[in-house]
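# Pasting the sequence and the predicted coordinates here, then a few questions.
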Amino acid sequence: MQSPEANPAATAVARLDDASAKVRSGAIATALSELQTMTEDGFTRYLLGATDDARLLALLVDCRLARGDLAEAMTLGDEITAHLGSEGFTAALAHHAKGELAAALGNPELAADHFLAAGAAAAELPETPELLPWRASAALVLVRTGAHRQAADLAAEHHRIAVAHGSPYAVANALRTLAASDAGGQRVTLLREARAVLAGLEAERLAAQVAADLAGLLVLTNDPQHLAEAVQLLRDAEVYAGRQELWPLQSRVRRLLDRCGEAPLRVSSEALALLTNAERRVSALAAAGLTNRQVAEELRVSVKAVEWHLSRTYRKLGISSRSGLTLAFGVPA
């Protein structure tokens, strides 16, 4: 048997497997870099074959959405459309990625259709709740459409399959999905169980998502002890999201921190380095107290251009207001 080093196709698949493991562990920045390199290498993609090419694109969509890069994710979505006409796992991966994209773009009905199509494409294949959690994904968007009973049924079935599969990651994700679709009073218990399952597991992104979900419920209790726990959960998630540049998650965490009366942590210099020169100039003036019109007059640009640059800056830094901008640039309040 040839070693992977002597077999280019096996080497390509091994690289993809490694990147997939990094995504699952929460090392999104590293995984994205590796996946992007593979995507731009035509020979590597040829070696991967259709199914692994669909997996490569699906992982990239996941990483891009995690970072709020909607334009890049939409471009990848266009590319993965070619795999929708395939069969089996290839089509299932493509439909699942398209579903995640539709959900991020605010179309839960279309997302649900894609997730259910992924399940239909993989109906005769062995269950892979880590690689293709279509029931969990469908349950989460069905909750948004009001189809709570169907969501709960899919969440329960996904949990059963995850437990049978034996993957702690899949079980924790299933518990999170059960909590999201639960109409009763078990949400906090389910999320605490998910945190217990994740303890000691390399799954920082899922752990941060579970922490944010749990903190959101604890904040609603108005119990001082629960509030203190929520703040600690959110601080841990905030640090992780900032380190991996996951702006949607960081924005959600900071909205919850604001509800707790807590200020966000100062944005790291690495995050500020992501801003373009124009974004940095506009944001620095806004952080110093200038209105949008004053910034526009100072830089001799339109007010609309200022608003556009600020919007992009907010998304990149995971903030939602000028107060967050002031803190990010270290301007005294």
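Great, that's in hand.

# Now stretch 288-295: buried residues?
Across stretch 288-295, burial judged by 16 or more other CB atoms under 10 Å covers Leu290, Asn292, Val295. For the C-beta atoms, the positions are set from N, CA and C on the backbone; glycine is no exception.

# For the last one, list the residues it contacts.
This points to Val295. Applying CB atoms under 8 Å, 6 or more residues apart in numbering, we find Val295 in contact with Val282, Leu285, Ala286, Val306.

# pLDDT score assigned to the residue nearest the centre of the chain?
For the chain, Ala66 is the residue whose C-alpha lies nearest the centre (CA atoms, centre = their mean; 3.0 Å). For Ala66, the pLDDT comes out at 94.

# Ok, Leu132 next?
Per-residue confidence (pLDDT) for Leu132: 94.

# One more: the one 10 residues further on?
Each residue has a pLDDT score; the one for Leu142 is 97.

# Just name whatever secondary elements the strand or helix carrying it is in contact with.
Per DSSP states H and E: Leu142 is located in helix 134-145. The elements that helix 134-145 packs onto, with contact taken as 3 or more CB pairs under 8 Å, 6 or more residues apart in numbering; DSSP states H and E, are helix 88-104, helix 108-121, helix 148-165, helix 168-181.

# The closest residue to Leu227 other than its chain neighbours: how many residues sit nearby?
Counting by CB to CB, 6 or more residues apart in numbering, Leu227 lies nearest to Cys260, which is 6.0 Å off, once chain neighbours are set aside. Using other CB atoms under 10 Å, Cys260 has 14 neighbouring residues.

# Assess the claim that Cys260 and Ala230 are in contact.
Yes: counting by CB atoms under 8 Å, Cys260 does reach Ala230; the two are 6.2 Å apart.

# Overlap of the contact sets of the two?
The contact sets of Cys260 and Ala230 overlap at Val219 (CB under 8 Å, 6+ apart).

# if we can go back for a sec, wait, what's in contact with the residue nearest to Leu227?
Counted by CB under 8 Å, 6+ apart, Cys260 has contacts Val219, Leu227, Ala230, Val231, Leu234.

# switch to 10 Å and redo it
By CB atoms under 10 Å, 6 or more residues apart in numbering, the residues touching Cys260 are Ala215, Leu218, Val219, Leu227, Ala228, Ala230, Val231, Leu234.
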